[in-house]
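Chemist: Pasting the sequence and the predicted coordinates here, then a few questions.
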Amino acid sequence: MRECVVSSAAHQTASSVMDMLGGATAAMDGWEIRMARNVTESVFVVWGGNQALARLVGNRLHEQHFSAVVGGGQPSDMFIGSQILSQIHQCTRAIILVEDTSGAELATGYNLSDNLMFEWGYITGTFPPNKVHVFLIDISARDLPSDLAGSWASEVVTDGMTPDEVADRITSTFKQDASHKVEMDKLEVMHMWTKVLRYVETYNDKPECSDIELAHYLLHSIETCYYYMAEERFEELLDLMRPVSSVLEYAVAVVKANIRLFRETGGLQRALPFDAYMELKTFFERPYDVAFQDLELDLWFQFFAVRRLALLQRTVAENPDFGEEDRRGFLRETISLTQQSLELLEEIVGQFPQQATYSSLYRGYLHRDLYLLHLALGDEDSAAEAENRMAVQHKESFYLAYKSRYPQDAILVQHLAQEYYLALAEQLEYVQTPIEKMMIRKTINGFLSKLEQDTGRQHVLLSELRSRLS
């Protein structure tokens with residue numbers, strides 16, 4: 001096989017986090033496959049004369065944890081029918097099998113079916129280039145029509161090969177091309193909150209990204225939905241989703257469990273009922289199967305599970321049914337889990353250095369939690385002071401980084417500023433120099449004077465900030 005302008009797809013076959021749970025059956029022009037619950041992505045297979053080869057490729061894709069949809073319709077159709085459109089819109093990648101339907105080379109090149117050409121054009125206009133995988137079967141790229149010149153394609157010479165061998169080669173090349181790592185700018189994910197909502201809203205009928213990509217988007221929108229105070233809307237959309245893959249199913253469950261935790265505790269402001277604690281604890285402690293190789297997604301799943309277990313311990317400790325000894329036991333366990341969360345962040349940044357800036361968002365939360373926990377347990381002042389100093393450092397770092405990137409994103413910039421200045425106000429307890437204290441107060445008061453109104457959850461945060469200065 002000779003590679004010709006082969007696409008560098010920015011998607012990686014990623015980890016499934018739950019055991020295979022069965023699946024749904026997809027019927028395609030009389031051809032059925034059982035769709036695995038741990039599929040990585042749905043792939044539409046376009047064929048131009050050899051449906052048998054397309055079916056073989058579909059079977060191979062299924063074996064490699066892709067959900068294959070082989071295009072239906074009749075080869076004589078001169079338009080893209082509703083069946084084809086529906087099938088295309090259910091997928092996030094496409095394989096186009098390009099063959100000469102005449103059986104003989106023509107003087108003007110190759111005879112490509114009108115049906116194939118229509119579908120090829122529509123798919124090219126629908127999917128990003130790195131999601132379209134073209135295979136030229138016994139056809140040279142230089143002999144393509146002028147409007148297809150420069151297409152990202154792989155040439156397949158079938159001389160002496162059986163149909164099974166051809167299907168194997170196509171599938172192997174596709175998997176390699178489609179298995180590049182998902183690389184996402186996490187700050188951009190936070191900034192594109194409305195897009196994430198649209199991805200969730202359109203998932204069932206016309207997915208705009210793969211299940212693996214959407215799992216990433218969901219995980220890294222957990223905090224953002226609270227900044228926008230949009231938990232109810234987010235949960236409503238998640239309730240309507242019908243995930244094809246178990247990895248996306250697990251990501252949805254993580255987000256919904258997190259929303260429940262915040263709802264039960266009024267945004268972590270009151271005690272978590274013990275029955276809710278037991279149910280959520282069981283969920284976050286549940287092991288999940290990593291069947292693929294998306295290390296980053298796996299590490300983030302681990303981080304969110306351990307971080308939420310820490311929050312469960314912290315909030316259930318406030319339940320009045322527990323005595324002081326029990327409460328302190330919960331808080332000590334919270335410290336241990338919070339430290340484990342920091343270790344997981346270290347591992348994530350060690351494996352993926354580009355996540356260093358984004359990790360400061362969570363480092364700020366974790367160090368502030370440790371600061372408050374040390375205070376609650378009456379630990380040495382030096383321990384609380386050290387954690388407060390780290391919290392201020394990371395909150396400032398992330399706030400300034402996000403503000404520099406997206407100065408027009410007033411809602412998130414203001415919320416991140418409030419969190420930073422609250423940690424800075426808490427630092428006043430440890431500042432000994434009068435001039436430094438004065439400068440901190442002046443900085444915070446300057447921020448407060450710029451705010452025009454206090455609403456919703458921000459009002460609670462601002463009230464706490466002002467009380468620190470009084």
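Modeler: Noted; the coordinates are in hand. Predicted, not measured: the structure shown is a model, and the values here were computed from it. Residues are numbered from 1 along each chain as shown.

Chemist: Low-confidence regions, the stretch 251-400 of the chain specifically.
Modeler: Scanning the stretch 251-400 of the chain for pLDDT under 70 picks out the ranges 289-293.

Chemist: As a check, name the ranges of all helices in it.
Modeler: 274-285, 295-316, 324-351, 356-377, 381-405 (DSSP state H, counting those that start in this stretch).

Chemist: Among these, which comes closest to W47?
Modeler: Minimum separation from W47 across the helices of the stretch 251-400 of the chain (CB to CB) falls at helix 295-316, 32.3 Å. Placement of C-beta: from N, CA and C, glycine included.

Chemist: Need the helices of the stretch 251-400 of the chain in CSV (columns: mean neighbour count and distance to S467).
Modeler: Output for the helices of the stretch 251-400 of the chain, formatted as CSV (neighbours: other CB atoms under 10 Å; distance: least, CB to CB, whole Å):
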stretch, mean neighbour count, distance to S467
helix 274-285, 15, 29
helix 295-316, 22, 21
helix 324-351, 16, 23
helix 356-377, 21, 15
helix 381-405, 19, 17
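
Chemist: quick one, what contacts A391?
Modeler: Neighbouring residues of A391 by CB atoms under 8 Å, 6 or more residues apart in numbering: G364, H367, R368, Y371, A423, E426.

Chemist: so which of these comes closest to A253?
Modeler: G364 (26.2 Å).

Chemist: how much space between Q87 and F283?
Modeler: To F283, Q87 is 35 Å away according to CB to CB, to the nearest Å.

Chemist: what does N130 give?
Modeler: The value you get for N130 to F283, if CB to CB is used, is 35 Å.

Chemist: what do you get for V46?
Modeler: V46 is 41 Å from F283, by CB to CB.

Chemist: likewise E63?
Modeler: From E63 to F283 the distance is 31 Å (CB to CB).

Chemist: Which one, of the helices of the stretch 251-400 of the chain, ends up nearest to V255?
Modeler: helix 295-316 (9.1 Å).

Chemist: on contacts alone, who are the packing partners of the closest one?
Modeler: Packing contacts for helix 295-316, counted by 3 or more CB pairs under 8 Å, 6 or more residues apart in numbering; DSSP states H and E, involve helix 211-219, helix 246-264, helix 274-285, helix 324-351, helix 356-377.

Chemist: all helices of the stretch 101-250 of the chain, in order?
Modeler: Going by DSSP H, counting those that start in this stretch, the stretch 101-250 of the chain shows helices at 114-126, 163-178, 186-191, 193-202, 211-219, 222-227, 231-240, 246-264.

Chemist: Out of those helices, which one sits most buried?
Modeler: Comparing these on average neighbours per residue, with mean count of other CB atoms under 10 Å, the densest one is helix 211-219 at a mean of 23.

Chemist: and that one with helix 295-316, angle?
Modeler: 30 degrees (axes from the mean of the first three to the mean of the last three CA atoms, to 10 degrees).

Chemist: Output helix 211-219 as CSV - backbone C-alpha positions only.
Modeler: Presented in CSV, the C-alpha positions along helix 211-219 are these (Å, rounded to 0.1, in the frame of the first residue of the first chain):
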residue,chain,number,x,y,z
ASP,A,211,-17.7,9.6,22.2
ILE,A,212,-14.1,9.7,23.4
GLU,A,213,-13.9,13.5,22.6
LEU,A,214,-17.2,14.1,24.2
ALA,A,215,-16.1,12.3,27.4
HIS,A,216,-13.2,14.7,27.6
TYR,A,217,-15.5,17.7,27.1
LEU,A,218,-17.9,16.5,29.8
LEU,A,219,-15.2,15.9,32.4
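
Chemist: what's that helix packed up against?
Modeler: strand 41-47, helix 193-202, helix 246-264, helix 295-316.

Chemist: Residues contacting the first one, please?
Modeler: The list of residues contacting strand 41-47 from outside it, by CB under 8 Å, 6+ apart, reads 11, 53-54, 57-58, 61, 66-71, 87-88, 90-97, 99, 116, 119-120, 123, 174, 178, 207, 210-212, 244.

Chemist: Can you flag which of those belong to strands?
Modeler: Among those, DSSP state E puts F66, S67, A68, V69, V70, R93, A94, I95, I96, L97 in strands.

Chemist: L261: which of those residues is nearest?
Modeler: Using CB to CB, the ones in strands among the contacts of strand 41-47 come closest to L261 at S67, 32.0 Å.

Chemist: can I see the domain layout of this protein?
Modeler: Domains of the chain are assigned by automatic domain parsing as 2-178, 186-465.

Chemist: For Y430, grab phi and psi.
Modeler: Backbone torsions for Y430, taken as degrees, to the nearest 10, come to phi -110, psi 0.

Chemist: Show the pLDDT at it.
Modeler: Looking at Y430, its pLDDT is 86.

Chemist: and E436, how many neighbours?
Modeler: By other CB atoms under 10 Å, the residues close to E436 number 12.

Chemist: how near is it to T173?
Modeler: 62 Å.

Chemist: Kindly report the same for I411.
Modeler: 45 Å.
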